[in-house]
Structure formats: structure tokens, C-alpha cells
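> Turn this into a structure:
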Amino acid sequence: MVVQLHPGANGKPGTNATDPAVALYGRAARAAATQQWEVAEQGYLATLASNAKFTPAYEALIDLYRLEGRNTDAID
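Numbers count the residues shown, from 1 in each chain. Predicted coordinates for the structure are as follows:
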């Protein structure tokens, strides 16, 4: 069996431009860039609810939790 992973909008598997998670992630990232941490967290969680395979959202959420000193949440 051969499995092909097609890169998405950012070159990562599971993240293509037609996926609604891309827009959710973009809004969350903009919120994080302006230090709106709660908005960013909710955005990353919404991204993952929309597409559980959207790896960049997991990475950003972990970074956010670590930035806030929420290491236990980052591990979970």
C-alpha cells in the first residue's frame, strides 16, 4: 500500500487552503501576534475541533501554554 501525503498551504500534510481550519488558524495566529492570549487559545482549539490533524495548531497551542507558564497543559 502506498500512501501519498499532499502538502497543504504551508507545505505541511493535512493543511490545505480549502480546509476551514486554515482560516481559524490564521485568526488565532493574528490574535497571538497581538498578545490576545485567550482569543488565540480559543482559536487554536477551534482549529483543532475543525481539523484534528492540523499540526501547526497543536504546535502553536503548546507554545502558547508554555509562554503562559502552563506547562502541564502543554504536556496534556
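> for this structure, which spans come out with low pLDDT?
Scanning the chain for pLDDT under 70 picks out 1-17.
> what about 50?
Scanning the chain for pLDDT under 50 picks out 1-9, 11, 13.
> My assumption is that Lys53 lies in a helix; please confirm.
No. Counting by DSSP: H, G, I helix; E, B strand; the rest coil, Lys53 is not part of a helix but coil.
> ok, which stretches of the protein are strands?
Assigned strands in the chain: none (criterion: DSSP state E).
> Find the nearest non-adjacent residue to the residue nearest in space to the middle of the chain, please.
For the chain, Ala57 is the residue whose C-alpha lies nearest the centre (CA atoms, centre = their mean; 1.1 Å). Take Ala57 and drop its neighbours on the chain: the residue closest to it by CB to CB, 6 or more residues apart in numbering is Thr47, 4.0 Å away. All C-beta atoms are positioned from the backbone trio N, CA, C, and that covers glycine.
> ok, the one you found - contacts?
21, 24-25, 28, 54, 57 (CB atoms under 8 Å, 6 or more residues apart in numbering).
> now those residues in CSV, with distance to Leu67?
Listed next are the contacts of Thr47 as CSV, based on distance: CB to CB, whole Å:
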residue, distance to Leu67
Ala21, 22
Leu24, 20
Tyr25, 17
Ala28, 14
Phe54, 20
Ala57, 15
